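Below is the sequence, then the predicted model.
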Amino acid sequence: MDLSHLRVEKTGEVDVSLSADGPAELKGFGDGAGGARDPETSLLSELIERFNARFGTEFTAQDVLPAFNATKEDPKVRAAALVNDEENFGIVFDKKFEENMMDHVSTIDTLGKRYFGTDRDFKSGLDRSARRAAWRMIRREAGLEDI
């Protein structure tokens, strides 16, 4: 189904303003619990931990995240998840995940060969770009302006 038109219709009015009833305690703030974890990343991290325990590896979610996210966002994979049980969903997911893992590994392999190869300009250029990006991000996170 392709959405070609959208109609916006007012169905009512609701007052969602805040009222000044005095101080209120906001649950979860300042109770020492720390920041909330992204449920999707947490689930993937837990699965990777179990995988590592089973196979004696030391992978992190970051190692598979590019391929995982690309697969999860694929329209055919998303559609398959909505109409299949997990086993049948795997027929679509596994094939696409393998393709995305191959692309990811190939990209990392090419990057590694170029970075550690004989082209010193490539290495120094990537170092310079990464250094500048890290410097800017760290300063921005600390509230400092770029100079």
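All right, it came through fine.

For the strand or helix carrying residue 97, which residues meet the burial criterion?
Here residue 97 sits within helix 86-115, counting by DSSP states H and E. Of the residues in helix 86-115, 89, 92, 93, 96, 97, 100, 101, 104 count as buried by neighbour count, 16 or more other Cβ atoms under 10 Å. Every residue, glycine included, has its C-beta placed from N, CA and C.

what do you get for stretch 62-82?
Of all the residues in stretch 62-82, those buried under the rule 16+ other Cβ under 10 Å are 64, 65, 67, 68, 70, 71, 72, 74, 77, 80.

what sits against the last one?
Spelled out, it's residue 80. By Cβ atoms under 8 Å, 6 or more residues apart in numbering, the contact set of residue 80 is 88, 89, 91, 92, 93.

let's go with 6 Å and repeat that
Residue 80 makes contacts with 89, 92, as judged by Cβ atoms under 6 Å, 6 or more residues apart in numbering.

And it, what's its pLDDT?
Residue-level confidence at residue 80 comes out at 95, pLDDT.

That one and residue 111: what is the separation?
31 Å (Cβ to Cβ, to the nearest Å).

Could you do the third one as well?
Noted for residue 67: a distance of 15 Å to residue 111, by Cβ to Cβ.

what do you get for the first one?
Distance of residue 64 to residue 111, computed by Cβ to Cβ: 17 Å.

repeat for the fourth one
Note on residue 68: its distance to residue 111, by Cβ to Cβ, is 19 Å.

residue ranges with poor pLDDT in this protein?
Applying pLDDT under 70 to the chain flags residues 1-10, 12, 14-41, 146-147.

Got the domain ranges for it?
Per automatic domain parsing, the domain ranges recorded for the chain read 65-116, 119-147.

As TSV, those with distance to residue 52 would be great.
Supplementary listing: those in TSV, determined by distance: least, Cβ to Cβ, whole Å:
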stretch	distance to residue 52
domain 65-116	15
domain 119-147	27
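
So for residue 55, which of these sits nearest?
Closest to residue 55 of the domains of the chain, according to Cβ to Cβ: domain 65-116, at 15.5 Å.
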